[in-house]
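Peer 1: sharing a model prediction with you, sequence too.
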Amino acid sequence: MCRTVDLHRAVLAKNDENALALRGYLGDRGTAAVNLLSSPGSGKTALLEQLLARAVAGGIPAAAVTADLATENDATRLARSGAPVRQILTDGLCHLEAGMLRRRLEGWLPEGTRLLFVENVGNLVCPASYDLGETLRIALASVTEGEDKPVKYPTAFGLAHLVVITKTDIADAVGFDREAFLGGVRQVNPGVPVLETSARTGRGVDALLAHVLRCAAGEEAHVPVLARQHERHLHGHDHPPAEGHTHADGHVRPGVRGPAR
């Protein structure tokens with residue numbers, strides 16, 4: 001008898017196990033992980049550098065892990081903020097996995113770290129399917145990428161707890177249609193908060209950091225409709241949002257809403 005094995009499901013199931021363990025590891029340390037997803041060139045690194053610098057200036061213990069296929073350029077750049085930073089080289093893999101992140105953190109993550117920013121590989125496809133044990137998942141898009149980004153990548157934006165628009169200082173110059181973009185966001189993820197930012201002018205950076213800190217303190221993050229739909233389809237019922245965590249594959253699994261320490 002032949003048996004067909006869905007390797008993709010098997011890989012995701014293993015990642016789910018690792019993510020659950022990582023979530024417990026971070027929760028025990030009082031650390032909230034923030035998973036940043038975007039296309040290459042979205043301005044994610046520039047914005048993260050500003051977030052880290054503000055956290056350091058405000059006495060908030062923050063650290064960052066950044067992932068790329070090659071080079072340590074982003075880690076070098078982010079380290080200018082004064083925050084502890086570590087690079088993960090994926091050697092061609094288009095996304096981070098929970099096991100990879102856990103191995104990189106062990107023996108390195110400073111005690112007392114309140115916020116751990118995880119800059120995922122620049123890609124809106126593969127990373128959307130992998131939970132990293134995060135407290136907060138943020139999908140970013142720049143004004144230069146087109147208004148239809150959310151509907152072109154419905155999983156990445158549909159499972160986000162927060163959507164961030166970057167490079168708003170050049171929105172007029174590139175003809176960015178803000179209302180069309182927001183309409184696309186509402187289509188794939190009704191009710192998700194949207195913040196508009198510019199790393200160059202500083203617009204929205206403080207508001208973004210404040211949002212992250214509220215979630216780290218235990219404030220309930222937005223629960224995407226897409227996650228609830230997946231849960232109903234798989235199990236025939238909903239988990240109450242306040243008692244679950246939005247999993248990367250669309251599940252809502254028991255977990256922390258964010259360390260309250």
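Peer 2: Sure, I can see it. Given the structure is predicted, the values throughout are model-derived calculations rather than measurements.
Peer 1: helices of the stretch 51-200 of the chain, start to end?
Peer 2: Listed in chain order, the helices of the stretch 51-200 of the chain (DSSP state H, counting those that start in this stretch) span residues 73-78, 98-105, 149-152, 154-158, 171-174, 178-188.
Peer 1: okay, those, which one's buried deepest?
Peer 2: helix 154-158 (a mean of 22; mean count of other CB atoms under 10 Å). Placement of C-beta: from N, CA and C, glycine included.
Peer 1: looking at the helices of the stretch 51-200 of the chain, which is nearest to Tyr25?
Peer 2: helix 98-105 (6.8 Å; CB to CB).
Peer 1: excluding sequence neighbours, find me the nearest residue to the residue most central in space within the chain.
Peer 2: Centroid-nearest residue in the chain: Asn35, 2.3 Å away (criterion: CA atoms, centre = their mean). Closest residue in space to Asn35, ignoring its immediate chain neighbours: Glu134 at 4.0 Å, by CB to CB, 6 or more residues apart in numbering.
Peer 1: how far does stretch 73-81 sit from its chain's centre?
Peer 2: Its chain's average C-alpha position is 19 Å from that of stretch 73-81, according to CA atoms, centre = their mean, to the nearest Å.
Peer 1: please save the CA atoms from it in CSV.
Peer 2: The C-alpha atoms that make up stretch 73-81 are tabulated as CSV, following Å, rounded to 0.1, in the frame of the first residue of the first chain:
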residue,chain,number,x,y,z
ASN,A,73,24.7,44.4,6.1
ASP,A,74,21.4,44.8,8.0
ALA,A,75,22.8,43.7,11.3
THR,A,76,25.6,46.1,11.0
ARG,A,77,23.2,48.9,10.2
LEU,A,78,20.8,48.1,13.0
ALA,A,79,23.6,47.9,15.6
ARG,A,80,24.1,51.6,15.1
SER,A,81,21.0,52.0,17.3
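Peer 1: other residues contacting it?
Peer 2: The contact list for stretch 73-81, computed with CB atoms under 8 Å, 6 or more residues apart in numbering, reads 45, 48-49, 52-53, 55-56, 64, 66, 68, 85-87, 119.
Peer 1: just the element for the residue nearest to the centre of the chain, please.
Peer 2: Following DSSP states H and E, one finds Asn35 within strand 32-37.
Peer 1: restricted to buried residues, select the contacts of stretch 73-81 in ChimeraX.
Peer 2: One line in ChimeraX is enough to select the buried ones among the contacts of stretch 73-81; burial here means 16 or more other CB atoms under 10 Å:
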select :45,48,49,52,53,55,64,66,68,85,86,87,119
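Peer 1: from the contacts of stretch 73-81, which ones fall inside strands?
Peer 2: Judged by DSSP state E, strands contain the following of these: Ala64, Thr66, Asp68, Val85, Arg86, Gln87, Glu119.
Peer 1: now distance to Glu219 and pLDDT too, for those residues, in TSV please.
Peer 2: Formatted as TSV, the ones in strands among the contacts of stretch 73-81 follow (distance: CB to CB, whole Å; pLDDT from 0 to 100):
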residue	distance to Glu219	pLDDT
Ala64	22	98
Thr66	26	96
Asp68	31	91
Val85	26	98
Arg86	27	97
Gln87	31	96
Glu119	23	97
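Peer 1: bridged to Arg137, which residues?
Peer 2: Under DSSP bridges, the beta-bridge partners of Arg137 are Asn35.
Peer 1: count residues in the vicinity of it, would you?
Peer 2: Counted with other CB atoms under 10 Å, the neighbours of Arg137 add up to 26.
Peer 1: related to what we said a few turns ago, just send the helices of the stretch 51-200 of the chain back as TSV, with distance to Val223 and mean pLDDT too.
Peer 2: Listed next are those as TSV, based on distance: least, CB to CB, whole Å; pLDDT from 0 to 100:
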stretch	distance to Val223	mean pLDDT
helix 73-78	30	96
helix 98-105	21	95
helix 149-152	17	98
helix 154-158	12	97
helix 171-174	29	97
helix 178-188	14	98
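Peer 1: thanks a lot, catch you later.
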